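> Mind looking at a prediction? Sequence and model below.
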Amino acid sequence: MTAENGMSTAGGAARAALPTLRSWRLTRGETATMIALGVIVVLLALLPELVSEYGVSLAMSTLKYVVLATAWALFSGATRYFSVATSAFFGIGVYATAVLSGNLPFPVVLLIAAGLGFGLAVGVGAATLRLRGIYFVIFTFGLSELARQFVFWWETTQTKTVVRFIDADFGDNELYYDLIALAAVTIGICLFVRRSRLGWALRAIGEDETVARHIGINATAVKVLVFGLSAAIMAVTGAIIAPRWTSIDPSIAFDPLISFEVVIMALLGGIGEIWGPALGAVPLVLLSEYLAGKFPYHFTIIVGLCFIAIVYFLKTGIAGLLKSIVARIAKAAG
């Protein structure tokens, strides 16, 4: 069989597997996921009445990373294009709130932040999403650093100061509920994309981009669109978190550690399941909170060791591990 015939065979099989509009019934697992999501949202909404202000603050940090890790997996998990540009889009959202919150209603600020994140991702993605592997990783890291340095240059040359104060009067509880809503919407978007033709195209690109193009998928358009959607969610997350800080500077808004933490969380939880990134974010946020307090000077080293352990010993993440355990139990019971 020639390579062309092999690709044709793969393409025919892929076309046969293409979901149609009639296949939009949720599986048992997806139904369980949606029910669990609804229960979790209700429980989280009651949390401020049950815990202290510190507990609410810790829950907000957890939700922030749940959203960021899930948004990261929306694009990188399916396509295998590993981005470390999360801090760039998050920082854009932070600065959108810092600059606009005193003059515009907060919902409008969030829409503008989403538009800025989407626009930047589409602009750079159209030119760079042809890169793969380490080249794409290096570029996205450079994008985060470029964004930080550009904002630093702009602030020092135009506003004549590095620190910018945030003129927004929001309580933690209000921002907490915004994060709950954003987390639920993000997971809902992931489920929708996964069940759609767009999700099928993403998975085809991740498996073999050459075959995906051969069967008629516009790989560049699909990658750019979902990269932009992921970036918009990250920017909105930054915009919601920003009012928690009295003042910001580029090193806070564009902290590169955020990008690497998000990757570690998504891989720990497992990028093969919708709820995997969230499952990885929760324990790592709690662990980070403990380590930052007990070992502030060794925190980044420990995070690096966690990343190495995940790559070597937990390749499918917690979600994959749990899924395999359940399958073995079911097989043994059957």
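Good, I have the coordinates.
> make it CA atoms for all contacts and neighbour counts henceforth
Will do.
> what about residue 249, neighbour count?
20 (other Cα atoms under 10 Å).
> Touching stretch 147-158 from outside, list them.
By Cα atoms under 8 Å, 6 or more residues apart in numbering, the residues outside stretch 147-158 that reach it are 88, 161, 162, 249, 250, 251, 254.
> Strands of the protein, start to end?
164-165, 247-248 (DSSP state E).
> related to what we said a few turns ago, looking at the contacts of stretch 147-158, spot the one nearest residue 140.
Nearest to residue 140 among those: residue 88, at 8.8 Å, using Cα to Cα.
> Against residue 77, how distant is the closest one?
19 Å (Cα to Cα, to the nearest Å).
> Of the contacts of stretch 147-158, grab the buried ones for ChimeraX.
Here is the ChimeraX command that selects the buried residues among those (16 or more other Cα atoms under 10 Å):
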select :88,162,249,250,254
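> Taking the contacts of stretch 147-158, tell me the two that lie furthest apart.
Spanning the widest gap among the contacts of stretch 147-158 are 88 and 161, at 20.4 Å by Cα to Cα.
> Switch the strands of the chain over to TSV; also include mean pLDDT.
Listed next are the strands of the chain as TSV, based on pLDDT from 0 to 100:
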stretch	mean pLDDT
strand 164-165	86
strand 247-248	88
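> any chance of those strands in CSV, plus mean neighbour count and distance to residue 42?
CSV is the format used below for these (neighbours: other Cα atoms under 10 Å; distance: least, Cα to Cα, whole Å):
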stretch, mean neighbour count, distance to residue 42
strand 164-165, 14, 34
strand 247-248, 16, 32
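> Those: which one's closest to residue 137?
Set against residue 137 and scored by Cα to Cα, the strands of the chain come closest in strand 247-248, at 26.8 Å.
> dump the residue contacts of the closest residue to residue 57 other than its chain neighbours.
Distances taken as Cα to Cα, 6 or more residues apart in numbering put residue 172 closest to residue 57, at 7.4 Å, once the chain neighbours are dropped. If you count contacts by Cα under 8 Å, 6+ apart, residue 172 has them with 56, 57, 244.
> For residue 230, the count of nearby residues, please.
For residue 230, the neighbour count with other Cα under 10 Å is 29.
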